[in-house]
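Visitor: Below are the sequence and a predicted model for it; my questions follow.
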Amino acid sequence: MPELPEVEVVRRGLARWVRGRTITAVDVLDERSVRRHALGAEDLRGNLVGARVVDVARRGKFLWMPLEEASAVRTTEPKLALMAHLGMSGQLLVEDAAQPDEKHLKVRFTLSPAADDAGTAMPEQLRFVDQRIFGGVFLADLAPTGDGQPGGRSETGLPLVPLEAAHIARDPLDPAFSFDDFYRRLRARRTGIKRAILDQGLVSGVGNIYADESLWAARLHYARATDTMRRKEAERLIEACRDVMTRALAAGGTSFDSLYVNVNGASGYFARSLNAYGREREGCYRCAELGLQTKIRRDTFMNRSSYTCPVCQPRPRNGRW
């Protein structure tokens, strides 16, 4: 699955190329990719044609585009958003109309003419491509956020969030993320720290790869009990999450063509910088600096894998597995 930095790369690309433009046509080539829109393809098309993309927002891995409906007054807040669920293989591509259709093109959005700061015409189409068809696009109602803060990472900071994403906690890169709230809820749980940070209701956007990388950076074992975790340990972990994600985002931000907004689901562009994940039986970089020859260990965890250094991240005596 794509992780937070990959989705943020997509959000920034869409904000640059799509925000402020009007959707002039919608072509649904495979109705399976709009199955989450309960009223069907025709209703989706009817609501989108003539609507203007006001912003591009993200909370955790949820991505949405608030819409100004064709009949709306410019001063009113948007009531609907186009949500994109990328699934395992979803891609959002900004393309010129002359470009051939991709093999797995599912939905095509035609956009109003626009030019960049240099006066160069922007591509006319936004395409949703999905090989495995686990993802999709659909319309969602927007509601005010419970704390009055922006719904998520965005350009305008609208205090609105789709109902489908309202239950998702804020992620560590969200300016409105509250460490105090996170720590209070963390200590109230009786589980291991990795299970906790993978729960999108506690903190969003942390997937398996970045969980292992953050725990390695914070020198915490994945089974460290949450109910006894000290505040400094939790602070160290959140800072590690922010650092790992920021570095991954910087790598991803320079890896995509400016006209290509993509999530490939593999975190491949950051793989060269991984310290723990996927490095079973390879040397721990931190231990190597101390002259130690410690090998990264892999354990089965929640039908997946966890990677740790047995020296830097010792197994806790009272861990929660």
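Guide: Received the coordinates, thanks. The shown structure was predicted, so the numbers you read here are calculated from the model rather than taken from an experiment. Residues are numbered from 1 along each chain as shown.
Visitor: Now do the strands in this structure.
Guide: 23-28, 52-53, 57-59, 62-68, 80-85, 90-95, 105-111, 125-130, 136-144, 160-162, 297-301, 304-308 (DSSP state E).
Visitor: Where among the ones you listed is average confidence lowest?
Guide: Lowest mean pLDDT within these: strand 90-95, a mean of 89.
Visitor: Would you confirm that Arg108 contacts Ser33?
Guide: No: contact between Arg108 and Ser33 fails when scored by CB atoms under 8 Å: they sit 10.9 Å apart. Any C-beta I mention is one placed from the backbone N, CA and C, and that applies to glycine too.
Visitor: Name the single longest helix found in the protein.
Guide: helix 231-253 (DSSP state H).
Visitor: And that one, what's buried?
Guide: 233-234, 236-238, 240-241, 244-245, 248-249, 251-252 (16 or more other CB atoms under 10 Å).
Visitor: So what touches it?
Guide: 3-6, 8-9, 12, 172-173, 179, 182-183, 186, 193, 197, 203, 205-206, 210, 213-215, 217-220, 224, 267, 269-270, 273 (CB atoms under 8 Å, 6 or more residues apart in numbering).
Visitor: one more time with 6 Å, if that's ok
Guide: Contacts with helix 231-253, where a contact means CB atoms under 6 Å, 6 or more residues apart in numbering, come from 4-5, 8-9, 172-173, 183, 210, 213-214, 217-218, 269-270.
Visitor: repeat for stretch 289-306
Guide: By CB under 6 Å, 6+ apart, stretch 289-306 touches 208, 222, 276, 279-282, 284, 287, 307-311.
Visitor: Show me which of those residues are buried.
Guide: Here, 16+ other CB under 10 Å leaves 208, 222, 276, 279, 284, 287, 307-309 buried among those.
Visitor: show me where pLDDT drops low in the protein?
Guide: 1, 72-75, 252-272 (pLDDT under 70).
Visitor: Using the centroid of it, identify the residue furthest from it.
Guide: Gly291 (37.5 Å; CA atoms, centre = their mean).
Visitor: Can you give me the distance of that one to Lys106?
Guide: 54 Å (CB to CB, to the nearest Å).
Visitor: Repeat that for Lys295.
Guide: Taking CB to CB, one finds Lys295 at 44 Å from Lys106.
Visitor: Disregarding residues adjacent in the polypeptide, which is nearest to Asp171?
Guide: Gly205 (3.5 Å; CB to CB, 6 or more residues apart in numbering).
Visitor: That neighbour: what's it in contact with?
Guide: By CB under 6 Å, 6+ apart, the contact set of Gly205 is 4, 60-61, 171.
Visitor: How about Ala41?
Guide: Contacts of Ala41 (CB under 6 Å, 6+ apart): 28, 31, 34.
Visitor: List buried residues within those.
Guide: 28, 34.
Visitor: Out of the contacts of Ala41, which comes closest to Asp43?
Guide: Closest approach to Asp43 among the contacts of Ala41 (CB to CB): Val34, at 9.4 Å.
Visitor: ok now stretch 304-313, how far from the chain's centre?
Guide: 24 Å (CA atoms, centre = their mean, to the nearest Å).
Visitor: how about the CA coordinates for it, as PDB?
Guide: Output in PDB follows, covering the C-alpha atoms of stretch 304-313 (Å, rounded to 0.1, in the frame of the first residue of the first chain):
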ATOM      1  CA  ARG A 304       3.600  -9.000   7.900                       C
ATOM      2  CA  SER A 305       7.200  -8.500   9.000                       C
ATOM      3  CA  SER A 306       8.900  -6.300  11.600                       C
ATOM      4  CA  TYR A 307      12.600  -5.500  11.300                       C
ATOM      5  CA  THR A 308      14.600  -4.500  14.300                       C
ATOM      6  CA  CYS A 309      18.200  -4.300  15.600                       C
ATOM      7  CA  PRO A 310      18.600  -6.700  18.600                       C
ATOM      8  CA  VAL A 311      21.200  -4.300  20.200                       C
ATOM      9  CA  CYS A 312      19.600  -0.900  19.500                       C
ATOM     10  CA  GLN A 313      16.100  -2.100  20.000                       C
END
